[in-house]
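Asks: A structural model of the following input is requested.
(chains A, B, C and D)
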2 protein chains.
Amino acid sequence: MTASDPEAAAAPPSPKAEQVLQAASRVFREQGYGSASMDAIARAAGVSKATLYAHFAGKDQLFAAIVSGECRRHSQALTAPDIDRLEVRQALAAIGRNFLDLVLSAKARAIYRIVIAEAPRFPELGRAFYASGPAAVLARLADYLGAADARGTLRVEDPKLAAEQFVAMLMGPLHMRHLLGLTAEFGDRDPAQVVEAAVATFLSAYAPSDPA
Amino acid sequence: MTASDPEAAAAPPSPKAEQVLQAASRVFREQGYGSASMDAIARAAGVSKATLYAHFAGKDQLFAAIVSGECRRHSQALTAPDIDRLEVRQALAAIGRNFLDLVLSAKARAIYRIVIAEAPRFPELGRAFYASGPAAVLARLADYLGAADARGTLRVEDPKLAAEQFVAMLMGPLHMRHLLGLTAEFGDRDPAQVVEAAVATFLSAYAPSDPA
DNA sequence: GTCTATAAAGGGATAGAC
DNA sequence: GTCTATCCCTTTATAGAC
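Replies: Got it, this is the predicted structure:
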């Protein structure tokens, strides 16, 4: 019955497993990998430790399952709709708002924290996270910029680099401060203002010649 | 004798304490806060655990002492020299190179990882890190941009925001990938190229009118 | 102050009953 | 599959000798 589904693909069949995954995700996000104990996870999930080990070979594999699951879910959430039907400025603003909302969300921040922290000890995890998250976003944005260049609505020599600059200007003013828990202090900015400024600077550099 | 020096200010007087701090820094950076044990730190420092507890009240205070020490050291390393005697383009490029070299260094990455990871459980640490590191750099850069605007060599309405955009474009294409340990894959870039591109995009947006 | 030795608690992982 | 109870090890932290 379960031969074709080695539990690594999509949805875990057992409701107990899902229960464990959700609780473990919360505990890992709250305590970090090193400090989170299997005991605490079992307690949070309302199951015994033996049940944990019946579904996952160990702490490391449980952790890997959670991170890859969260990455999958988040990258799905970033399927931008109809940016091709918008003006370049509006399209970039829409992409920027969606992206910024995602990366500043509490869950995304917690996942990012823990993946960054454990990347040296879980190298494959770092790769999987980057590939399913940032790399996918950058690739899609670069495609859009390349197409805009072909249409003449932008002039972008290196779409990949331009995409990275745009994303960087979106995240830069807010991401680190939010990661550090500094939202009010150090003059926190309105995300809408950050998006607008990023679009403005980007277009100053990459608009064809004179869009007026 | 030690009344005026509550050990929180500058240099630890005891050589043993310095020995402990260096070893603990390495262990924390290699293993993360949660997984690092006082036992391992004592072993790495070549002292007994009792000596650890003679100098530091506990794991958390030892950790805090290390992070604040590293922040102090790194922010001192960023005293940019004579940028006022350079052309704007060259000054920005010099700032960019220095900054990128620092934030991409192995030690800075390790510190950043652990501060980000533990910020929710050590809020004061996050504040101290940001204030002594990124905020100081941004403030100095914003000052420079504001002065350039006053001289007419740039046109920058919001120097703080422009500084954040510039720094973001420097870090964006490289920082996250390096944090995740992905240097070769996903098309790693030459830092020099990143600096050049960031300066170019920045000047496209903030050059006065026509510098030619 | 520094060590050896140990206390007291909590960690990951498992055996065996159901 | 799931639970209770437990093994065995490591953890943080301390007592007592020097």
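
Asks: Helices along chain A, start to end?
Replies: Under the criterion DSSP state H, chain A contains helices at A:15-31, A:38-45, A:49-55, A:59-76, A:88-104, A:106-118, A:123-132, A:134-151, A:159-171, A:175-179, A:191-206.

Asks: Alpha carbons only: can I get the second one in PDB?
Replies: In this case it means helix A:38-45. The C-alpha trace of helix A:38-45 is given here as PDB (Å, rounded to 0.1, in the frame of the first residue of the first chain):
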ATOM      1  CA  MET A  38      12.500  15.400  21.900                       C
ATOM      2  CA  ASP A  39      10.700  15.300  25.200                       C
ATOM      3  CA  ALA A  40       9.300  18.800  24.700                       C
ATOM      4  CA  ILE A  41       8.200  17.900  21.200                       C
ATOM      5  CA  ALA A  42       6.400  14.800  22.400                       C
ATOM      6  CA  ARG A  43       4.700  16.800  25.100                       C
ATOM      7  CA  ALA A  44       3.700  19.600  22.700                       C
ATOM      8  CA  ALA A  45       2.400  17.000  20.300                       C
END
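
Asks: Briefly note if it comes near DNA strand C.
Replies: Yes - using CB under 7 Å from any atom of the strand, helix A:38-45 reaches DNA strand C at A:38, A:39, A:40. (Glycine included, C-beta is placed from N, CA and C.)

Asks: does the first one really touch residue A:60, like I thought?
Replies: If I follow you right, that is residue A:38. No - the pair residue A:38 / residue A:60 is not scored as a contact, 11.0 Å apart, by CB atoms under 8 Å.

Asks: circling back to that earlier point, adding pLDDT, write the residues of helix A:38-45 next to DNA strand C out as a markdown table.
Replies: Listed next are the residues of helix A:38-45 next to DNA strand C as a markdown table, based on pLDDT from 0 to 100:
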| residue | pLDDT |
| --- | --- |
| A:38 | 97 |
| A:39 | 97 |
| A:40 | 96 |
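
Asks: before we move on, the earlier item: between the helices of chain A, which gets nearest to residue B:202?
Replies: Among these, the nearest to residue B:202 by CB to CB is helix A:191-206 (7.6 Å).

Asks: Same question for the closest one: list its buried residues.
Replies: A:191, A:194, A:195, A:197, A:198, A:199, A:201, A:202, A:203, A:205, A:206 (16 or more other CB atoms under 10 Å in any protein chain shown).

Asks: Counting neighbours, what do you get for the closest residue to the fourth one other than its chain neighbours?
Replies: The shortest distance from residue A:197 to any residue that is not its chain neighbour, by CB to CB, 6 or more residues apart in numbering or on different chains, is 5.6 Å, and that residue is residue B:161. Residue B:161 has 23 neighbouring residues, counting by other CB atoms under 10 Å in any protein chain shown.

Asks: who's in contact with residue B:161?
Replies: Shown in contact with residue B:161 (CB atoms under 8 Å, 6 or more residues apart in numbering or on different chains): A:173, A:189, A:193, A:194, A:197.

Asks: Pull up the gap between the nearest residue to residue A:191 once chain neighbours are set aside and residue B:142, please.
Replies: The spatial neighbour of residue A:191 that comes closest, neighbours along the chain excluded (CB to CB, 6+ apart), is residue A:100 at 5.1 Å. Applying CB to CB, to the nearest Å, the value for residue A:100 to residue B:142 is 22 Å.

Asks: what's the answer for residue A:194, then?
Replies: 16 Å.

Asks: same deal with residue A:134?
Replies: In terms of CB to CB, residue A:134 sits 27 Å off from residue B:142.

Asks: which one of these two has more residues nearby?
Replies: A count of neighbours by other CB under 10 Å puts residue A:134 above the other of residue A:134 and residue B:142, at 23 against 19.

Asks: and the spatially closest residue to that one that is not a sequence neighbour, how many residues sit next to it?
Replies: Nearest residue to residue A:134, sequence neighbours excluded (CB to CB, 6+ apart): residue B:176, at 6.4 Å. Other residues lying near residue B:176 total 22 when counted by other CB under 10 Å.

Asks: tell me the pLDDT at residue B:176?
Replies: We have a pLDDT of 96 for residue B:176.

Asks: any chance of the buried residues of helix A:191-206 in a markdown table, plus pLDDT?
Replies: Shown next, in a markdown table, are the buried residues of helix A:191-206 (pLDDT from 0 to 100):
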| residue | pLDDT |
| --- | --- |
| A:191 | 95 |
| A:194 | 97 |
| A:195 | 98 |
| A:197 | 98 |
| A:198 | 98 |
| A:199 | 98 |
| A:201 | 98 |
| A:202 | 98 |
| A:203 | 98 |
| A:205 | 96 |
| A:206 | 97 |
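
Asks: Just give me the closest of those residues to residue A:46.
Replies: Nearest to residue A:46, judged by CB to CB, of the buried residues of helix A:191-206 is residue A:191 at 37.0 Å.

Asks: right, and that closest one touches residue A:99 too?
Replies: No - Residue A:191 is beyond contact range of residue A:99, at 10.2 Å (criterion: CB under 8 Å).

Asks: for chain A, what are the low-confidence residue spans?
Replies: A:1-13, A:77-81, A:210-212 (pLDDT under 70).

Asks: What residues does it have near DNA strand C?
Replies: Counting by CB under 7 Å from any atom of the strand, chain A comes close to DNA strand C at A:36, A:37, A:38, A:39, A:40, A:48, A:49, A:50, A:52, A:53, A:58, A:59.

Asks: which of those count as buried?
Replies: The neighbour count (16+ other CB under 10 Å) marks A:36, A:38, A:40, A:52, A:59 as buried among the residues of chain A next to DNA strand C.

Asks: Which one of the residues you listed is nearest to chain B?
Replies: Taking CB to the nearest CB as the measure, chain B lies nearest residue A:36 of these, at 7.6 Å.

Asks: OK, contacts around the closest one?
Replies: With CB under 8 Å, 6+ apart, residue A:36 has these contacts: A:24, A:27, A:28, A:30, A:59, B:34.

Asks: tally of neighbours for residue A:28?
Replies: 24.

Asks: go on, residue A:106?
Replies: A count of nearby residues for residue A:106, using other CB under 10 Å, gives 9.

Asks: Could you pull up the contacting residues of residue A:82?
Replies: Here residue A:82 is in contact with no residue (CB under 8 Å, 6+ apart).

Asks: any idea how far it is from chain B?
Replies: 27 Å (CB to the nearest CB, to the nearest Å).

Asks: Name all residues that make contact with residue A:46.
Replies: Contacts of residue A:46 by CB under 8 Å, 6+ apart are A:19, A:23.
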